[in-house]
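Trainee: got a structure for you, letters missing:
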């Protein structure tokens, strides 16, 4: 019979978790003491934190029959946090993880979470990063909180506030695929009936693939502004525009080409793929701006330009058509929307 977490002591559960996690090169003192010690040769530490809450950020069972594994949740917890560090032009150095678990949670599910966390760190290219410690608690639902530190390695951080009129707006990574995967798992199409395109969308929703080499590369290439696309292209573009005091004018033709990649998923699910590209979150790609007189780094695609906000408010437009209240409106993901 598979044991549950309430059948083990905290120490016994931790003993099942930590051996499954990677030890990165930046950790000077890992789990075992009251705090970890992480090297910071740059003299500065980049830090970010994200939380996943059961039935808010993930479901254990989806309407189409897909069962979320601990591996899925661990992978996504790593990916979304590594992406935030990446978006600053930094490289991750360490993570600490807090788990809240109902007593009935199978130990195998928790071990899977540790495996997914470690696999994502290594597979996504964050080999300097270790899981340096964490905390366990009991509760009525699963909650996974990860804080991650990073190093700029002597570079200046790339902020949201640096976009200037004349810059090129570019994206790197997947756009719209995670939203298609979410729609699939909310649909009536069961996993045995997935086509290759639908399977790809499901995979990218459950296990995002942030382009971790792209953040530092963009910083070296002179990116003027950058952010992680976590809540949808339009919503996040609105945030970058607001921080920079500019308007981002996006190219509908280019975005249409990105949507064409999702055409098969759109037909299967009766949806417009362009809406996934514009409003879908959790792909954890990069939205960046670059000076117009330079070449874009590899894997970046130009999707528009930065223009002056003029007498108006910072905003986002698509082929010159303004989107009203992109940041606070109903476009993209909002953790507190009903």
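Mentor: Looks like it arrived, so ask away. Just so you know, these numbers come straight off a predicted model, no measurement behind them.
Trainee: for residue 133, give the beta-bridge partners.
Mentor: Under DSSP bridges, the beta-bridge partners of residue 133 are residue 96.
Trainee: chain center to stretch 106-117, what's the gap?
Mentor: Between the centre of stretch 106-117 and the centre of its chain there are 20 Å (CA atoms, centre = their mean, to the nearest Å).
Trainee: which outside residues touch that stretch?
Mentor: 2-5, 7-8, 13, 16-18, 20-21, 69-78, 95, 97, 99, 101, 131, 144, 146, 207 (CB atoms under 8 Å, 6 or more residues apart in numbering). Quick note: C-beta positions are derived from backbone N, CA and C, even for glycine.
Trainee: now the buried members of those.
Mentor: Buried residues within the contacts of stretch 106-117, defined by neighbour count using 16 or more other CB atoms under 10 Å: 4-5, 13, 16-18, 20-21, 69-78, 95, 97, 99, 101, 131, 144, 146, 207.
Trainee: SS state for residue 249?
Mentor: Under the three-state scheme (DSSP: H, G, I helix; E, B strand; the rest coil), residue 249 adopts strand.
Trainee: give the bridge partners for it, please.
Mentor: Under the criterion DSSP bridges, residue 249 forms beta bridges with residue 305, residue 317.
Trainee: I'd assumed residue 320 was in contact with it.
Mentor: Yes - Residue 249 is in contact with residue 320 according to CB atoms under 8 Å; the separation is 6.6 Å.
Trainee: can you list the domains in the chain?
Mentor: The chain breaks down into these domains under automatic domain parsing: 5-151, 160-322.
Trainee: tabulate the ones you listed (TSV), appending mean pLDDT.
Mentor: Listed next are the domains of the chain as TSV, based on pLDDT from 0 to 100:
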stretch	mean pLDDT
domain 5-151	95
domain 160-322	95
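Trainee: what is the neighbour count of residue 261?
Mentor: Neighbour count for residue 261, taken as other CB atoms under 10 Å: 17.
Trainee: next up, the contacts around it.
Mentor: By CB under 8 Å, 6+ apart, the neighbours of residue 261 are 176, 273.
Trainee: can you list phi and psi of it for me?
Mentor: Reported as degrees, to the nearest 10, the phi and psi values for residue 261 are phi -70, psi -20.
Trainee: likewise the one 3 residues further on?
Mentor: In terms of degrees, to the nearest 10, the main-chain angles of residue 264 are phi -60, psi -40.
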